[in-house]
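Engineer: Sharing a sequence plus its predicted fold:
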Amino acid sequence: MTDPREAAARYRAKQQLHGENADGDEESGIPPGAGAAVDRAAFIETAIQVAIRRGDFDDLPGAGKPLEGLGTHHDPDWWIRRKIETENLTGLGPPAILLRTEDRELNDQLDLLGRESDVRDVLEDFNRRVREARRQLQGGPPVVTEPRDLDAEVAAWAERRSARPAAAPVPEQRRRRFGRRRR
């Protein structure tokens with residue numbers, strides 16, 4: 001069961017492909033060569049209207065709900081941020097966004113380290129990458145991440161480390177040798 005308007009739009013598009021009306025339509029004001037584009041647009045619009053009447057667009061996910069992210073502050077990089085979050089991508093994106101996420105997680109990364117020299121190495125590398133990103137003029141979002149103060153961060157790391165409760169010693173269990181009985 002086809003809609004007569006859809007059939008008519010198909011017919012017009014088919015006629016246009018075979019070169020009929022190649023000189024344009026003076027009555028409608030369509031310039032020569034533009035008839036195919038107009039007929040194609042009419043066909044597409046008709047197909048959309050037919051699909052709406054059939055209910056093909058009913059019950060789509062998110063129907064009747066506001067688009068998420070609207071109403072908050074304007075962020076020109078919303079699309080890349082959303083893609084990175086939804087796809088759980090790491091290591092991709094502009095340096096500004098990568099440095100922001102790394103800056104948020106840096107204290108947790110530092111807490112995993114056991115030596116002060118390792119903490120200083122990680123912080124020096126982070127500060128170097130922040131300075132490099134600020135110098136580059138490749139466009140994209142601005143780098144707002146600040147370099148970290150080495151001495152202050154090492155002191156904070158040492159304080160967090162000393163505040164952690166010491167791991168309770170695991171009681172040593174006696175091992176039984178195979179084949180011997182306990183008495």
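Structural biologist: Nice, I can see it.
Engineer: per the record, what domains does this structure have?
Structural biologist: The chain resolves into domains spanning 4-54, 78-163 when parsed by automatic domain parsing.
Engineer: okay if I get those as JSON lines plus mean neighbour count?
Structural biologist: Any C-beta I mention is one placed from the backbone N, CA and C, and that applies to glycine too. Rendered in JSON lines, the data for the domains of the chain read as follows (neighbours: other CB atoms under 10 Å):
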{"stretch": "domain 4-54", "mean neighbour count": "13"}
{"stretch": "domain 78-163", "mean neighbour count": "13"}
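Engineer: Quick one: closest of those domains to residue 62.
Structural biologist: Taking CB to CB, domain 78-163 is the member of these nearest to residue 62, at 14.0 Å.
Engineer: where does the residue nearest to the spatial centre of the chain land on pLDDT?
Structural biologist: Centroid check for the chain by CA atoms, centre = their mean gives residue 83 as the closest residue, at 1.4 Å. Residue 83 is assigned 82 on the pLDDT scale.
Engineer: Same check on the one 3 residues further on?
Structural biologist: Residue 86 carries a pLDDT value of 85.
Engineer: Dihedrals phi and psi, it?
Structural biologist: phi -70, psi -30 (degrees, to the nearest 10).
Engineer: Tell me which residues touch residue 81, please.
Structural biologist: With contact set as CB atoms under 8 Å, 6 or more residues apart in numbering, residue 81 has these partners: 75, 97.
Engineer: same deal with residue 51?
Structural biologist: Residues in contact with residue 51 (CB under 8 Å, 6+ apart) are residue 57.
Engineer: okay, stretch 74-85 in CSV with CA atoms only?
Structural biologist: Taking only C-alpha atoms (Å, rounded to 0.1, in the frame of the first residue of the first chain), the coordinates of stretch 74-85 have been written out as CSV:
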residue,chain,number,x,y,z
HIS,A,74,27.6,27.5,26.6
ASP,A,75,30.5,25.2,25.9
PRO,A,76,31.8,25.3,22.3
ASP,A,77,33.5,21.9,22.8
TRP,A,78,30.4,20.1,24.1
TRP,A,79,30.3,17.6,21.2
ILE,A,80,33.9,16.3,21.7
ARG,A,81,33.5,16.2,25.5
ARG,A,82,30.3,14.2,25.1
LYS,A,83,31.8,11.8,22.6
ILE,A,84,34.8,11.2,24.8
GLU,A,85,32.5,10.5,27.8
